[in-house]
Each structure stands twice: as structure tokens, then as C-alpha cells.
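[1] build me a model:
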Amino acid sequence: MTCKAFSETLPDLYEASIAELQNGLIKRQFSSVQLVKAYLSRIEEVNLKGPALHAVIETNPKALTQAEALDDERKEKGSRGPLHGIPLLLKDNIATLHEEGMNTTAGSYALLGSVVPRDAFVAARLRAAGAIFIGKTNLSEWAGARELVTYGFSGRGGQTLCPYYPNAHPASSSSGSGVAMAIGLAAGILCRNNIVGIKPTIGLVIPISYHQDTVGPMCRSVADAALLLNFIAGPDPRDEATLHQPGIIPDYTRAIDKNALKGARLGVPRAFIRDMKIIEETFNSSLDVFRALGAEIIDPADFPDAEALQGSKAEIQPEKLVLGVDFKAGISKYISELVEVPTGIKTLADVIEFNKNHADLELPSPFYTDQSRLIESEAMQVDDAYFAALAENFDLGRTRGIDATLAQRDPQELQVPLGFQPDDVEVLPATPSPLHTQAPGLPFGIAFMGTAYSEFKLISYAYAFEQATHVRLQRRAYDDAIPRTQLIDVMFQ
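    Now for the predicted structure:
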């Protein structure tokens, strides 16, 4: 077999699934060492060089050593399972063993060099399954809790860029994770850029904001996301929110069913659809796909409190108040449990002061001088207003929100569209300041929403839609943003 013919039998790392990679490892087509080398080379190509996407903050200096040990273990003892020797990336607010050589900083220089006491619960579970953490991804600093202006920027990681158009907005606090996954810089990621993401029920995995946020997988396919969720779901004794899960956690990979939409009832939350022609048109077209797959569409199926959810007239909205108070308390608690903090910070107030004193690193002008969210959060406290906001959030989000919609309309889940901005769309702003927020080819996603602990059903619906449409494959990143390194390039070095 020629080298070219052999290379065609290997997975394409731009799109390779975890199952494909594991199959190649089982058949000994390649090793975990070679897989790690290939992914690290792909990161080097586009992260700080070329398009400079700034998706990855740092790589793991021990990744190759760990890969070699897992290759040896596979030969001597067999495989641990579907994640054995599989390279993953983690968002930079998920703690990993300090002795491994990577930092955990949420993108902030204020935590650089800090020593965590242990792996985060989700990291420990993935590591035990044989996964290799090859690096930490960039994010909106403090997961978007710092400022209102720019997503995807952190002091340590710089400005993440979308790989579908030069200097385009990367979207969301998990911007680096989304970009890295979209162009194949790892097999999977925890933490959207034309990929699949699962945001589980609060309490299914460790939350960032105790009441509002949680960790979930980001992958190129529903099947991969379901597989990672299998390994990170479960009760963490150190996290009370994870201790309230009902019954036995299902095997989410068994939700993979192309026929799952047959007989399903899906509601359309019209009030939440973005007022943009291409999005609405693509959304309406997607309804025909769902019908063809056997689903009944209830349109509209708006939340009874949609207007209240979209924006309160209160000076401080309940959701914002809860997030601010939770963040302030959570930062102090997290720092108090660190073994060492070289910068000496202990509280959110210390972080704000650190940023002022290191403005060249943390608040570079002209675009990144804002830390208004941190300042607002520091002014908040646990008081009667906070507890009232908690109750109102629960009432709006569940009792009068999605639970009420499901009860009244009897749709099992709710969905929104997936597609790309067209080639003739106007680029806005014309001069990025610092990013284009609208441009040709920028992806937008589809979301399936359900009541608490309905992940299994949501995964099955999402998989059926994904397999019927394969929208992700309809457009690739722009040429310079696509890494060229493949397995064949490292196998004979």
C-alpha cells in the first residue's frame, strides 16, 4: 500500500469522531502518542500563527508522556474503554492536577501560578477513563463575568476569533472551546461555532454559578457529546448541587436513535427567535424536516412569561443579581481552597484591584478596558433581595417557564434553528472593533430544550435531526483557519 493510500484509511482530524479514533487505536493503525503529536501540531499551526485564533491558552507539557504510558497500558492490560488514549481539551476554569504542569486561571493573570488541590470532579472522571488532557482552552475571562463588551477575550489568552470568517465574533464564554472543536484541535472538549454542545441540568455536573451554570461537553457530533456526558455525569460529594439527581443516571449513548422524532411533540418558542431573516427562514425550513421525521409541531408554543424572561424593567434583573452574588461568593470559596496563590488575591475585590494594577495585561486599550461586571458583582450581597431573586428565577424559568409550557401545550421539548449566514450578508461592523458580529458563513445553532433531567430525550431528538441534515458538513472554516496536519504527517517522523 502506498503512503497516499494508507493516509486515506486514517481518520480526518478535522471531523474525526471519538469512535473512529478509538477504532484506529484498537486496530493499531496509530498510537495515542501519534494522535497527541498530530493534535499539538494542529494547535501550533493556527493558534498563535497564521490566523492566530487564540483558541488554546496553553498545552500540557506531559501529554506525550501520558500518551506513551496509556499506549503501554493498552498493550499490557487492554483498554480502559472508549476514552482510553483519546486527546481532549478542557476550558481554563476546570482544575487539573498542578503537577501536570498546566495552570487553571479562568483566563486571568490574577490566578497564574496558583496551585489547585486536585483535579476537578469532571476532570478526574475523564482521566480515570483514560483521556489525555492536551491543553486548556481560552474563554471570556472569568467565563464572561468580567465585562459586557467583548466575548472571547481573556488577559492570558487574548482575543479568540471565529474560524468561519477572519476577525469574526467567536460567541459565548466558551469561545476557545468552540473554535478548537470546530476545526479539530482535539477529539472533544468540556465547557459554539458549528458544533454540538450539551448544557446539562444544574446538579448533573459541577456548576460554575451554583444556581445557573454547569459544565457540559462540546463535540462535533451528538454521539461524541453523549459519550462524554456519560463519563462526567454523577454525584460529586463536594458539590451539593450534584447530589439531587433522580434515580440512576442513564447510559446517554443509548439515546442515539435516528427514529427518535417519530411521534415526538415539539413546540416552537416564537418569542425567542432572533429577528434576522436568514435565521427565521432556516428555522421555518427546519420544521419541515422535523415533520418529515415524524414529529408533530406545535407552533407557537411560547412560554407564558416570555416577555418577563426577555427582560425585566427592574434596575437589576433577578437573573443578573443571582449570577453576581453567586460569582462573588464562588470566587472567594474557590480561592480559599487553593494550596497557593502567588499573586496574593483572596476575594473578588482583590481581583478588581489586581486588574487595575496590571492594566497592561488585564485591561489593554482600546477594546478591553471594561471590568464593570466584576465591579457590579462586588457591590452585591446575600440579602433579602437575593433570596427574592432566587425565587423569582425559579418561578420564571421553571414554574411559569418551560415546565408551564410543556404542561399547557404538551410538547415534549422546544427547538430553534441551525445554519449559516449567507455569502451576500453585509459585514458588520465594516471595520472590526474589535470583531465582526455579522459576516458571511458565521454559523448559528439549533437548541433542544426540555424540563430538568430530560437530557436522554433531548439527545435522541438532536441526533435524529443531525443525521437527517448533516448541516455542520455543509460549510468548513475559511481556508487559512483549517490546520493541515494529519496523522500521516507525524507517523513516520
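[2] and the helices in the stretch 301-450 of the chain?
    306-310, 318-336, 348-357, 359-362, 372-379, 384-394, 403-409 (DSSP state H, counting those that start in this stretch).
[3] okay, the ones you listed, which one's buried deepest?
    Per residue and on average, the most neighbours among the helices of the stretch 301-450 of the chain fall to helix 318-336, with a mean of 20 (mean count of other C-beta atoms under 10 Å). All C-beta spots, glycine's among them, are computed from the backbone N, C-alpha and C.
[4] which residues of the chain fall in strands?
    56-59, 87-91, 132-137, 153-154, 158-159, 188-190, 196-197, 217-219, 265-267, 296-298, 413-415, 419-420, 443-444, 448-449 (DSSP state E).
[5] and the helices of the stretch 301-450 of the chain: which comes nearest residue 166?
    Across the helices of the stretch 301-450 of the chain, residue 166 has its closest neighbour in helix 359-362 (25.6 Å, C-beta to C-beta).
[6] for that closest one, packing partners?
    Contact partners of helix 359-362 among helices and strands, from 3 or more C-beta pairs under 8 Å, 6 or more residues apart in numbering; DSSP states H and E: none.
[7] need the CA coordinates for that helix. CSV is fine.
    C-alpha atoms of helix 359-362 as CSV (Å, rounded to 0.1, in the frame of the first residue of the first chain):
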residue,chain,number,x,y,z
ALA,A,359,-3.9,47.1,33.3
ASP,A,360,-1.3,46.4,30.6
LEU,A,361,-2.0,42.7,30.9
GLU,A,362,-5.7,42.6,32.0
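[8] quick one: it to chain centroid distance?
    Per C-alpha atoms, centre = their mean, to the nearest Å, the displacement of helix 359-362 from the mean C-alpha position of its chain is 26 Å.
[9] and that helix, what's its mean pLDDT?
    Averaged across helix 359-362, pLDDT comes to 98.
[10] residues contacting that helix, please?
    The contact list for helix 359-362, computed with C-beta atoms under 8 Å, 6 or more residues apart in numbering, reads 108, 109, 110, 141, 155, 354, 355, 369, 371.
[11] pick out the most distant pair among those.
    Farthest apart among the contacts of helix 359-362 - using C-beta to C-beta - are 110 and 369, which lie 16.4 Å from each other.
[12] so between those two, which is more surrounded?
    Higher neighbour count among residue 110 and residue 369: residue 110, with 28 against 14, using other C-beta atoms under 10 Å.
[13] distance of the more buried one relative to residue 355?
    From residue 110 over to residue 355 the distance is 7 Å, taken as C-beta to C-beta, to the nearest Å.
[14] repeat for residue 230
    39 Å.
[15] what does residue 49 give?
    Distance of residue 49 to residue 355, given as C-beta to C-beta: 28 Å.
[16] hmm, back to that, now the helices of the stretch 301-450 of the chain as CSV including distance to residue 434?
    Putting the helices of the stretch 301-450 of the chain into CSV (distance: least, C-beta to C-beta, whole Å) gives the following:
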stretch, distance to residue 434
helix 306-310, 28
helix 318-336, 25
helix 348-357, 18
helix 359-362, 16
helix 372-379, 17
helix 384-394, 33
helix 403-409, 38
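[17] wait, which of those helices is closest to residue 493?
    Closest among the helices of the stretch 301-450 of the chain, using C-beta to C-beta: helix 359-362, at 36.5 Å.
[18] how about the helices of the stretch 301-450 of the chain, which one is nearest residue 298?
    Taking C-beta to C-beta, helix 403-409 is the member of the helices of the stretch 301-450 of the chain nearest to residue 298, at 5.2 Å.
[19] let's test this: mean pLDDT of that closest one, rounded?
    For helix 403-409, the mean per-residue pLDDT is 52.
[20] and for stretch 433-447?
    Mean predicted lDDT for stretch 433-447 stands at 91.
[21] over to stretch 270-278?
    81.
[22] export that stretch as PDB, just CAs?
    Extracted in PDB, the C-alpha atoms of stretch 270-278 (Å, rounded to 0.1, in the frame of the first residue of the first chain):
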ATOM      1  CA  ARG A 270     -41.600  32.000  18.600                       C
ATOM      2  CA  ALA A 271     -40.900  34.800  21.000                       C
ATOM      3  CA  PHE A 272     -37.300  33.800  21.400                       C
ATOM      4  CA  ILE A 273     -36.300  33.500  17.800                       C
ATOM      5  CA  ARG A 274     -33.900  36.200  16.700                       C
ATOM      6  CA  ASP A 275     -35.300  38.900  14.400                       C
ATOM      7  CA  MET A 276     -33.000  38.100  11.500                       C
ATOM      8  CA  LYS A 277     -34.400  37.000   8.100                       C
ATOM      9  CA  ILE A 278     -31.900  34.200   7.400                       C
END
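[23] and that stretch, which residues are buried?
    Residues of stretch 270-278 include none that count as buried (16 or more other C-beta atoms under 10 Å).
[24] try stretch 231-243
    Buried residues in stretch 231-243, defined by neighbour count with 16+ other C-beta under 10 Å: 231, 232, 233, 235, 236, 241, 242.
[25] equivalent analysis for stretch 257-264, please.
    Residues 260, 261, 264 are the ones in stretch 257-264 that count as buried (16+ other C-beta under 10 Å).
[26] lovely, talk soon.
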